[in-house]
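Participant: can't give you the sequence, but here's the structure:
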C-alpha cells in the first residue's frame, strides 16, 4: 500500500450508535494505513457509545456538547437546540487547536456542530449516510459539505446534492463468508436483533416454536443480553433439538457463514453485513426508528429480491412459521436472494471513503 504524507489532524465526528462509531473506526484505520504519521482524532458527545468503542479501537476522543433532536419531546428538543451553539463553539476551538486538515461527519447528532464548525473555518468536510433514508443531520449537512458519500444509492433521491455510492464498511471477515451452496440441504436459521436483542423478534420466535418444532430446523437465536432470561423462560421446555438460544454473538460472521436464512432488524450496519456475507433475510424494521429509516432500508432490500420485509404489527408466530417454511423449503430462491444481497456489498468501502476525504482535503 502506498503511504502518503500529511500534517495536521483528520477529525472524525461519530457518536451515538455503534454503527456510526464502527464506520468511523474503519475510516480511521484506512487513513492510518495510508498515512501512518497522520494525527487522527474522534469527536463525540457524552451521550453515546463512543467513550468505550473509540478507546477500545485505540484512537483519541474529545467531547463536545450535542444531543439528539429528531423523535424527542418538545422539552428535549429545546435542550438540543440550546446545546447547538455551545457545541459549535467547542468544536471550532478544537478544530483550530488541532489544525484540522479535513473533517468526516459520519451521521448522528454530533456531526452537526463539528461539520458546521469546520465549514466556518474553511476546513474541507466529508459526510457519510448509511441509511436509504438520510437522517435530519445529514440532510442539512449535505447542503454545504465538500463531499458526500452514501451507503445505499437510494439515499441520493432524498439529498439536495447526490453523493458518491461507497457502501458502508464492515469487517473483512464478513466478505470471507462462502456463498450458499445451491445443492445444500440444510435448513439453518440465524435470528438476531442487534446487540441488545429485539423483543418483537424474540416474542415471534417463542410463538412460532410450537409450529416449527417438528420441522427439523436448526436455529441459533441471539436474544440479547438484557432479554436472554426472559426469552429462555418463554421457550420453556419446548426448545427443539437443534435450537440454541444465546445472549450475544461476538463473532457473528461465523454464524452468518453457518446460516441459510437470517431473521433480523433492518439497521444499516446489519444490512451491510448481510450484503457482505451474501445471506438472504427476513427483515422486520424497528418501528420506532427515527423517520422510519429502517422501513426504507428494508424496502430497498425487499425490492431488490434480497430480503422479505415484514412490518412489526404484521408479525406473529403463525405468520413467521409460514414464511420460514416457504423460504427454507425453496433452496433456489434462498440462493438467488443471497446473490441479490451481495450486489449491495462494497469490499472497498473504507478505501473509497478515505479517497473522498483526501479529495475533499485537496480542495482547500
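Facilitator: On my side now, so go ahead. As the structure is a prediction and not an experimental result, all values here were calculated from the model. Residues are numbered from 1 along each chain as shown.
Participant: wait, what's in contact with the nearest residue to residue 91 once chain neighbours are set aside?
Facilitator: In this structure, residue 91 finds its nearest non-sequential neighbour in residue 117, 3.7 Å apart by C-beta to C-beta, 6 or more residues apart in numbering. For every residue, glycine as well, the C-beta is placed using N, CA and C. By C-beta atoms under 8 Å, 6 or more residues apart in numbering, the contact list for residue 117 reads 88, 89, 91, 92, 94, 95.
Participant: show me the strands in the protein, by range?
Facilitator: Taking DSSP state E as the criterion, the chain contains strands spanning 9-13, 39-44, 61-63, 100-105, 125-129, 147-150, 164-165, 188-192, 218-222, 243-246, 261-264, 281-283, 307-309.
Participant: ok, which of these comes nearest residue 24?
Facilitator: Comparing the strands of the chain by their distance to residue 24 (C-beta to C-beta), the top pick is strand 9-13, with 4.5 Å.
Participant: so for that closest one, mean pLDDT?
Facilitator: Along strand 9-13, the predicted local confidence has a mean pLDDT of 97.
Participant: that strand pairs with which strands, parallel or anti?
Facilitator: In its sheet, strand 9-13 lies beside strand 39-44 (parallel), strand 100-105 (parallel), with partners assigned from DSSP bridges.
Participant: now tabulate the strands of the chain in TSV and tack on distance to residue 176 and mean neighbour count.
Facilitator: Shown next, in TSV, are the strands of the chain (distance: least, C-beta to C-beta, whole Å; neighbours: other C-beta atoms under 10 Å):
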stretch	distance to residue 176	mean neighbour count
strand 9-13	26	28
strand 39-44	27	24
strand 61-63	30	18
strand 100-105	27	28
strand 125-129	24	29
strand 147-150	24	26
strand 164-165	23	16
strand 188-192	17	22
strand 218-222	19	22
strand 243-246	22	16
strand 261-264	17	25
strand 281-283	19	26
strand 307-309	22	22
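Participant: those: which one's closest to residue 235?
Facilitator: strand 243-246 (6.4 Å).
Participant: what pairs with that closest one, parallel or antiparallel?
Facilitator: Here strand 243-246 is paired, per DSSP bridges, with strand 218-222 (parallel).
Participant: strand 188-192 and the strand it pairs with, what's the angle between them?
Facilitator: Angle between the axes of strand 218-222 and strand 188-192 is 10 degrees (criterion: axes from the mean of the first three to the mean of the last three C-alpha atoms, to 10 degrees).
Participant: next one: strand 218-222 to chain centre, how far?
Facilitator: In terms of C-alpha atoms, centre = their mean, to the nearest Å, the centre of strand 218-222 is found 22 Å from the chain centre.
Participant: quick one: residues in contact with that strand.
Facilitator: The list of residues contacting strand 218-222 from outside it, by C-beta under 8 Å, 6+ apart, reads 186-193, 197, 202, 205, 231, 242-249, 252, 255, 258-259.
Participant: neighbours of the nearest residue to residue 102 once chain neighbours are set aside, how many?
Facilitator: Closest residue to residue 102 apart from its sequence neighbours, by C-beta to C-beta, 6+ apart: residue 361 at 4.1 Å. Burial of residue 361, expressed as a neighbour count using other C-beta atoms under 10 Å, amounts to 21.
Participant: okay, residue 361 and residue 36: tell me how far apart.
Facilitator: When distance is defined by C-beta to C-beta, to the nearest Å, residue 361 is 17 Å away from residue 36.
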